[in-house]
Each structure stands twice: as structure tokens, then as C-alpha cells.
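> Generate a structure from the sequence data that follows.
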Amino acid sequence: FFFLMIRRPPRSTQSRSSAASDVYKRQSKQYAKYTNVLKNAEMGKVVTRFPPEPSGYLHVGHVKAALLNFHYSKMYNGQMILRFDDTNPSKEKDEFVQSIIQDLQTLKIFPDRVTHTSDYFDVMLEKIEELISKGLAYCDDTPVEEMRAQRLNKQPSARREQAVEENLRIWRQMVSGKLEQVVVEQAEGDKPAAKKADSKKQETIHEDLTKWCVRGKIKFDSPNGALRDPVFYRYNPTEHHRTKNRYRVYPTYDFACPIVDSIEGVSHCLRTIEYRDRNLQYEWVQKNLSLRPVIIKDFSRLNFMYTVLSKRKLQWFVDSGRASGWDDPRFPTVRGIMRRGLRVETLVEFMLEQGPSVNTVLMDWDKLWSINRKIIDPIAPRYSAIANKAYVVLNLTNGPGAPVGEQVDAHPKNVDLGKRLQWKTKSILLELDDGKDFKEGEKITLMRWGNCRLSQIQQKDFGLEITGELILEDTDYKSTKKVNWLPFDQDLLTEVILVEYDHLLNAREVEENQTFDDILNEVTRFETRAWADPHVKNLELGAIIQFERRGFFVLDKVLTQGTKQVMEWVFIPDGKTMGPSIPVRMNYEKEKEAKKEKKEKSKKPKKEKEQEGQQEGQQEEAKQE
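Okay, the predicted model is just below:
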């Protein structure tokens, strides 16, 4: 089968065809896993749906569900419905609706239809009243904690055997929101009694009615907790982002989903494995409302190490200022991981590789980033960047008197990426991490230039100043140290900030009720100010390149600092535990330990400090001897 999300480029535009072809081949192999998985699936008749709640931004867990639904619909030449499950006005916003549509477009997922659960609110009002009239649902005002305890202990609610007429009366009161009709209280003998409410108390309507809900009368003592009289409707006076104040009662996902799935013609309902216990509840609703049954297909939930996917918990990071927003590069949202340099092709390939398994596993982010590296490596142009906090100036005695521009391959193994201009000057910049190990008389190799013999090394405030001579006729590069470099000319340099992000949490697996206080990473952003090739300033936001010997980076933003503009590049993880950015973290740890030691020393008594000073002096003398 041909997976439509990644298409072979036409021959006329195959500048990156080799990489695209590799991706296509890998995904085609994965696609075979999905044949003959959907029960009773017929070509042209498969209809799937992706039903996100518009209460947050899409995260990597949603991506799997969206891709699977889209994937299956196209595999059988069917349709996919994007349905917004907008049944909770307290959490939902149109902002999230728009962001979800945009994120799906980014992922190249284009639904055949876009609907909202709220399109069917009138239908569902009729359906719940039908269940009440049949004695299959009842109104309940049991406090939340008490109801939870009753369900846990398989105990019935006091309202469970309430008369159908009474349930209908309370239900219609909930729908109309008119307090003056009745306020229900518990009378003697556990029989509900009604009393008139003073019209002056109309302003307390919401406080009195929000305690009421409608529960399905299924089996309160069932071994399956999902069948213990689940809540199907709630009273909520909050204004809905689409229907405004037209409704006061809203269905739960468990009630709305089987109804709308049947009405919209969904053939296969794909749900994560945690919904498996609710499958019988789903079928119960369709059966008792005489609706067309829908086939359910379970798939495994996607969990990642050091990551939470709960919208509520992610919102906490935003509200507390520990994340800059829902598109923070440390977030598992679509916008966050894309800002960090993840490609759409990577997500597709990764999700396909998981297969239709129902076994939930804890995934390592390294797996995802490793696939990403294979995709971006062949298409990322190469540039150089030198840290400017401390550096090496190499003065070439026989270097060019004036800057000389020379065309070099943008990528050493992909000529289709073309050429870029490289400037050569008499003095050049090198990394201090390279230069601190140089020795006078040593021969080194300047990448994309040639060999150089070092003759004099001097310590300077900025780092090192070295004198050297080009020996371009010497083409023996086997035993030399290879170093990248930049022209030492401010007009030929671009100022950049190289940023690396760490996990927000330091716990490999986050427990359900675990608090963040003990597992928060203290520092998760690391910066290195540097100079880069002059031509990176012409690149657009989102461009992915490799700063040689540092790693892959994506252009995240351009900052205005005074009269100059500084580019901020975000490091793209490559799936290696010991990546090129580790020294940055190690330097931070060293500085942190040094500050800690200094602070502890300042607290010690004067006599103890003097003794330590004498010991250090003796140790220094021993070293010199």
C-alpha cells in the first residue's frame, strides 16, 4: 500500500531525493504490519474518527491516534472525521480548536470532514430522556466523594430506585435551569420530596443544580468499574465557546461518543487500551438506544520517559512559568517538538514502527531522535560555530592579505545541496577546547582548507593566540587533529546563541499521583554564545543545519539586542546519550560545584580555613618538586 503522507518527489525536483527515497522505503516496510488488522474492513467503506477535546494543544500521544485514524482510512480508500469533543465548556476554547486544526495541517493530516459533538446536543438530549423514560438512567445528587466511594465498594446510590416520573421532572428542571419549579430534598423514609422555591432565590440556581447529574442504570456491583452506573450528563452553567448559553446540561464523553460515532457513520472506533474496560459501556449505550453498532479497535497508549502528557499537568508548567508556553521546546506537544527540530517524516515513521500492538510500553525519546537524525543528516547543510566566551586566534604567516571567498560544498556527501561561500583570512578563530591541547611544532588540519604547522602559542585574556604557517602542499591528513574555524573578521561573522534543552523532569517514569517537587530538574536550558558563518544570517526560521562537531540545530528565533540581531539556534537531540552538547552540561555542573564549595568554605571557622590553606600550600610545593 502507498502511504500518502510521504510522497516520492518528482524527478525534476529531486535535490533531496536520496533522503526522501530512504524514508519512503522504510515506511513502506512498516506499512505491511497494518494489513488485515481491522475487523470486517471493506475497501471504500472504512470511516474512522479522531475526536480530540479542545482543551489544550496536541501532544505526541494524540499524534499516534491521529496518524492511525488517518492511516487506516487512506489504506482502505475511506474517510477520516475530525470531531471536536466539545462537551466540557469549563475547559474548552476556540483557541484550542484552531491550534489543533493547524497542528494537523503541519502533520499533513487532512480530514475528510470536520464536525463537533456540540452539533448533536439536541439529539443527545432526546437520547438521554429516552433512557430515563425506559428506567435505564436516573438523576443523582450524591456528593462526588461519596459517589466515588460507593462505586469503589459496589454500593447503589440512594437515588437509584427513584421513580421514572421523578427522574424526568428533575431532568427537565436541569435542562431548563429554572429553580422556581422545584428544589429536591431528602424526605423521611428516603423518599424524595419537592418544595417550591422562592422566586427571589433565582440567583442561586447554579449552586443548587450543579450537584445533579444523570447516571446510566447499568450494574452498580459489576466487576467492571466502568459499568457501575457511569455518569452520562452533568449540569454546567458555564458558557460554551460555540453554543454560548443555549444549554445548561452537557453529555460526558462516554455517553456522547457511541451515539455520535453511530450517527456519523463511523465503521471502526480506534481507542487506546485504557478504554478497554469501557468498551462494554460503549456497546451498552448503542444497544439500548437501538443505534447501529460500531466496531472497536484498541491500540497501545504511547508513553515517554521523563515526560507527562496530562494536559492538566502541562498547564501547571505554563502557569508556574517553568515553560514559556504550550510550544515550549521542552514540551511533548506537536508545536514543542517541532520547535526542537523534529520532522513530520520522523513522527510518521516512528508511529508506523510501533505497529498496531496493544502492549503499552515506556518509550525512550532517543529512539525518536535517532530516526530524526537519519532523516536530517543527508539534507542539513554544514556550517561552523565557535564559542566566543573564550577562543583561539590563529595568525597565519602566509595567509591571504585580504579576505578571499571560495565556493565549497554545502554538504560533503550531498552535492544536490549546492555550494556555499567560505571566507579565508590571515587570522582565523578556533575553538579553545581544541587549542588548549595544541603543542608548538604540531601539525593540524583546518577543515576545508588544508594543513598548518603551529610555531608559537601564547596565553591571552581571551584564550590563546597562536602563530602558524599553512602547508597546503602537505596532503597527509591521517594523523592530524581536524579542527573547524572561522574568519577573524567581525564583518564576516554572525552572532548566535546555541541553546540546548534538558528534560523538565528527572524521573524516568512519572507515577500517576506523584508531585513534581521531588522530580523537577533545576536547570533545563543551557546557552552558549558563539560566532557562526556569515551566511547563516540569510537562513529562514525553522531551517535545520549542522554546526560541525557540535551537532544539528534548528533556527528558532531572531532576537534584537540593542542595534544588532542575534540568531537563536536550538540543539536537536540525535539519539545519542553522550551527544556533542554534553560538555556544556558538564561545564555547568563544574561551575555549580565550584560555587557550592566556595559557599561552604565561607561558612567555615577562620582557624579551619587557615589549616586548609597550609595543607593546600604543602600540596602545591609537593607538585612543584
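> where do the helices sit along the stretch 401-550 of the chain?
432-435 (DSSP state H, counting those that start in this stretch).
> now do the stretch 251-400 of the chain
253-263, 279-288, 311-319, 334-339, 344-354, 365-376.
> just for this protein, where's the confidence low?
Counting by pLDDT under 70, the chain has low-confidence residues at 1-31, 179-207, 577-625.
> thinking again about what came up before, for the helices of the stretch 251-400 of the chain, could you give me a markdown table that also reports mean neighbour count?
Any C-beta I mention is one placed from the backbone N, CA and C, and that applies to glycine too. A markdown table is the format used below for these (neighbours: other Cβ atoms under 10 Å):
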| stretch | mean neighbour count |
| --- | --- |
| helix 253-263 | 22 |
| helix 279-288 | 18 |
| helix 311-319 | 15 |
| helix 334-339 | 22 |
| helix 344-354 | 21 |
| helix 365-376 | 19 |
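> okay, those in TSV with distance to residue 325 next?
As requested, these are exported to TSV (distance: least, Cβ to Cβ, whole Å):
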stretch	distance to residue 325
helix 253-263	27
helix 279-288	35
helix 311-319	6
helix 334-339	9
helix 344-354	21
helix 365-376	20
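> Which among those is found nearest to residue 542?
The closest approach between residue 542 and any of the helices of the stretch 251-400 of the chain, judged by Cβ to Cβ, belongs to helix 334-339 at 8.4 Å.
> Span of stretch 346-366 from start to end?
The distance separating the two terminal residues of stretch 346-366, taken as Cα to Cα, to the nearest Å, comes to 12 Å.
> Same question for stretch 357-366.
Here the two ends of stretch 357-366 are set 21 Å apart, with distance taken as Cα to Cα.
> Can you show me the helices along the stretch 101-250 of the chain?
With DSSP H, counting those that start in this stretch as the criterion, the stretch 101-250 of the chain has helices at 121-133, 144-152, 164-176, 205-209.
> Adding mean neighbour count and distance to residue 343, write the ones you listed out as CSV.
Compiled in CSV, those are given as follows (neighbours: other Cβ atoms under 10 Å; distance: least, Cβ to Cβ, whole Å):
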stretch, mean neighbour count, distance to residue 343
helix 121-133, 17, 40
helix 144-152, 14, 44
helix 164-176, 18, 49
helix 205-209, 16, 48
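> For residue 538, find the nearest of those helices.
Among those, the nearest to residue 538 by Cβ to Cβ is helix 121-133 (52.7 Å).
> gap between residue 495 and residue 486?
As defined by Cβ to Cβ, to the nearest Å, residue 495 lies at a distance of 12 Å from residue 486.
> neighbour count winner among the two?
Regarding residue 495 and residue 486, a neighbour count based on other Cβ atoms under 10 Å identifies residue 486 as having more, with 26 against 17.
> Quick check: nearest residue in space to the more buried one, chain neighbours excluded?
residue 429 (4.6 Å; Cβ to Cβ, 6 or more residues apart in numbering).
> Residue 490 is in contact with the one you found, correct?
No: using Cβ atoms under 8 Å, residue 429 makes no contact with residue 490, being 10.8 Å away.
> Report the central residue of the protein.
Centrality entry for the chain: nearest residue to the mean C-alpha point is residue 332, 1.7 Å, by Cα atoms, centre = their mean.
> Tell me which residues touch it, please.
For residue 332, the contact set (Cβ atoms under 8 Å, 6 or more residues apart in numbering) comprises 59-61, 304, 307-309, 314.
> now those residues: which count as buried?
Burial by neighbour count, judged by 16 or more other Cβ atoms under 10 Å, picks out 59-61, 304, 307-309, 314 from the contacts of residue 332.
> Any idea what the spatially closest residue to residue 425 that is not a sequence neighbour is bridged to?
Leaving aside its chain neighbours, residue 425 sits nearest to residue 487 (4.1 Å; criterion: Cβ to Cβ, 6+ apart). Residue 487 forms beta bridges with residue 428, as assigned by DSSP bridges.
> Return the residues in contact with residue 487.
In this structure, residue 487 makes contact with 403, 423-425, 427-429, 493, judged by Cβ under 8 Å, 6+ apart.
> Now do the strands in the stretch 501-625 of the chain.
Listed from the start of the chain, the stretch 501-625 of the chain has strands (DSSP state E, counting those that start in this stretch) covering 525-532, 544-547, 551-561, 564-572.
> Reformat these as a markdown table; add distance to residue 288 and mean neighbour count.
As requested, the strands of the stretch 501-625 of the chain are arranged in a markdown table below (distance: least, Cβ to Cβ, whole Å; neighbours: other Cβ atoms under 10 Å):
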| stretch | distance to residue 288 | mean neighbour count |
| --- | --- | --- |
| strand 525-532 | 54 | 18 |
| strand 544-547 | 54 | 22 |
| strand 551-561 | 53 | 17 |
| strand 564-572 | 52 | 19 |
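> between these, which gets nearest to residue 354?
Of all the strands of the stretch 501-625 of the chain, the one in closest proximity to residue 354, counting by Cβ to Cβ, is strand 564-572 (21.7 Å).
> okay, the angle between the closest one and strand 525-532?
120 degrees (axes from the mean of the first three to the mean of the last three Cα atoms, to 10 degrees).
> Report the angle between strand 564-572 and helix 365-376.
Counting by the same axes, to 10 degrees, strand 564-572 lies at 120 degrees to helix 365-376.
> Spell out which strands sit alongside strand 564-572 in the sheet and which way each one runs.
Neighbouring strands of strand 564-572 in its sheet, by DSSP bridges, are strand 494-501 (parallel), strand 551-561 (antiparallel).
> Present those as TSV; the columns should include distance to residue 270.
Listed next are the strands paired with strand 564-572 as TSV, based on distance: least, Cβ to Cβ, whole Å:
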stretch	distance to residue 270
strand 494-501	32
strand 551-561	32
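> For residue 112, find the nearest of those strands.
When the strands paired with strand 564-572 are compared (using Cβ to Cβ), the closest one is strand 551-561, at 32.2 Å.
> Contacts for the closest one next, please.
For strand 551-561, the surrounding residues in contact (Cβ under 8 Å, 6+ apart) are 329, 339-341, 373, 376-377, 380, 497-499, 536, 539-547, 565-572, 574, 579-581.
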